[in-house]
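Visitor: Whatever this is, show me its structure:
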Amino acid sequence: MKIVILDGYTANPGDYSWKELNSFGEVEIYDRTSRDEVIARAKDADMVLTNKVVLKGETLAQLPQLKYIGILATGYNIIDVEETRARGIVVANVPAYSTDSVAQMTFAHVLNITNRIEHYADQNRKGQWSAAADFCYWDTPLSELAGKTFGIVGLGNIGQKVASIALSFGMRVIALTSKKAEEMPKGVEKADLEELLTQSDVLSLHCPLTENTREMINRQSLAKMKRGAILVNTGRGPLVNEADVADALAEGRLAGYGSDVMSSEPPKADNPLLKQPNAFITPHIAWATAEARGRLMATAIENAKAFIAGKPQNVVNGL
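Guide: Okay, here's the model as predicted:
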């Protein structure tokens with residue numbers, strides 16, 4: 001049994017161990033693998049673990065030994081599901097490992113925009129408070145969340161966790177979701193997109209990227225939002241048209257945009273959002289807490305063990 005990990009660095013830069021896999025056979029671990037290196041590295045592999053290395057079409061056709069793909073993430077759009085099914089290759093993912101961490105990052109962005117913690121810490125380093133005439137000092141609008149409306153797109157594990165936190169802040173929570181009204185979590189109201197756009201003081205994106213959700217936030221939808229609303233995206237970068245969001249920030253229609261994801265990652269240096277002072281972009285790290293990565297590693301290894309034992313778990317392609 002040969003196991004190849006194509007891009008293990010982001011999940012495990014060295015603070016965890018893959019050694020448990022050694023009991024199953026030969027293990028080769030690569031920090032990163034370029035598109036041109038995939039075939040050479042995986043051609044004799046029975047099992048491949050991948051985070052962002054794409055395995056589709058012609059690539060799969062050149063990996064005749066491959067029987068299992070373990071995804072070091074929840075999303076599996078990097079895999080050609082139909083092709084793997086046709087070839088009898090089991091594909092397993094790691095669901096729900098980052099729920100708490102992503103929800104935490106969502107509110108880190110919200111609170112950063114409402115309270116500007118980093119801004120004031122920086123101002124204090126520059127002596128602004130020390131030079132103030134009063135006991136306090138502020139130069140930005142400050143607002144509280146209680147009583148405001150928090151809109152959520154997508155009410156899966158992360159969306160529901162975010163909803164519970166928003167409710168604890170005393171916010172009204174509305175959500176665009178496929179759940180039926182009777183399936184809604186307590187305190188959360190079902191809404192359509194029009195209601196979400198027009199009523200939300202904070203709008204947070206937690207839905208999958210599909211053809212229906214791609215760039216769902218664009219010039220037209222932004223025009224329907226409350227002036228001064230906050231937009232947060234910890235879902236997928238392409239859920240928003242980044243140029244349109246940058247324009248909305250420049251024009252003052254959005255109070256702030258907090259995002260942990262971009263349409264291309266790493267982003268191009270000329271991305272218009274990077275120049276907007278009220279765009280707060282973190283480099284796709286919501287999932288990367290030590291605790292979340294620990295759960296990711298543990299489940300990925302358990303997935304591999306389950307497959308070898310003939311009882312695959314967390315399978316996403318129906319095999």
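
Visitor: how much space between Val173 and Val202?
Guide: Distance, Val173 to Val202, using C-beta to C-beta, to the nearest Å: 10 Å. Bear in mind the C-beta positions are built from the backbone N, C-alpha and C, glycine included.

Visitor: Then Pro64?
Guide: 51 Å.

Visitor: Can you pick out the residue with more neighbours from those two?
Guide: More crowded of Pro64 and Val202, by other C-beta atoms under 10 Å: Val202, with 28 against 9.

Visitor: Tell me who's in contact with the more buried one.
Guide: By C-beta atoms under 8 Å, 6 or more residues apart in numbering, the contact set of Val202 is Val110, Leu145, Lys148, Thr149, Phe150, Gly151, Ala166, Met171, Ala229, Ile230, Leu231, Val232.

Visitor: Identify each of the helices in the stretch 51-200 of the chain and give its residue range.
Guide: 57-61, 81-87, 99-115, 117-125, 157-168, 193-199 (DSSP state H, counting those that start in this stretch).

Visitor: one step back: name the nearest of the contacts of Val202 relative to Ser23.
Guide: Distance to Ser23, by C-beta to C-beta, is smallest for Val232 among the contacts of Val202, at 42.7 Å.

Visitor: Torsion angles phi and psi at the closest one?
Guide: Backbone torsions for Val232, taken as degrees, to the nearest 10, come to phi -130, psi 140.

Visitor: Is it correct that it is in contact with Gly258?
Guide: Yes: counting by C-beta atoms under 8 Å, Val232 does reach Gly258; the two are 4.6 Å apart.

Visitor: what's the overlap in contacts for these two?
Guide: By C-beta under 8 Å, 6+ apart, the residues touching both Val232 and Gly258 are Thr106, His109, Val110.

Visitor: Distance of the closest residue to Ala250 other than its chain neighbours relative to Glu251?
Guide: In space, and not counting its chain neighbours, Ala250 is closest to Gln276: 6.4 Å by C-beta to C-beta, 6 or more residues apart in numbering. Distance, Gln276 to Glu251, using C-beta to C-beta: 11 Å.

Visitor: Comparing those two, which shows the higher neighbour count?
Guide: Comparing Gln276 with Glu251 by other C-beta under 10 Å, the one with more neighbours is Gln276, at 20 against 10.

Visitor: Now do the contacts for that one.
Guide: Taking C-beta under 8 Å, 6+ apart, we find Gln276 in contact with Ala246, Leu249, Ala250, Tyr257.

Visitor: Dump stretch 207-215 to PDB, restricted to CA.
Guide: This file holds the C-alpha atoms of stretch 207-215, laid out as PDB (Å, rounded to 0.1, in the frame of the first residue of the first chain):
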ATOM      1  CA  CYS A 207     -23.300  28.800   1.500                       C
ATOM      2  CA  PRO A 208     -21.600  26.500  -1.000                       C
ATOM      3  CA  LEU A 209     -20.300  27.900  -4.300                       C
ATOM      4  CA  THR A 210     -22.600  26.900  -7.100                       C
ATOM      5  CA  GLU A 211     -23.600  28.400 -10.400                       C
ATOM      6  CA  ASN A 212     -26.600  29.900  -8.600                       C
ATOM      7  CA  THR A 213     -24.500  31.400  -5.800                       C
ATOM      8  CA  ARG A 214     -21.500  32.600  -7.900                       C
ATOM      9  CA  GLU A 215     -21.300  36.400  -7.600                       C
END
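
Visitor: Next one: the residue in the chain sticking out farthest from the centre, what pLDDT does it get?
Guide: Within the chain, the residue lying farthest from the chain centre (C-alpha atoms, centre = their mean) is Ala133, at 43.4 Å. Ala133 is assigned a predicted lDDT (pLDDT) of 96.

Visitor: what residues are up against it?
Guide: Contacts for Ala133 (C-beta under 8 Å, 6+ apart) come out as none.
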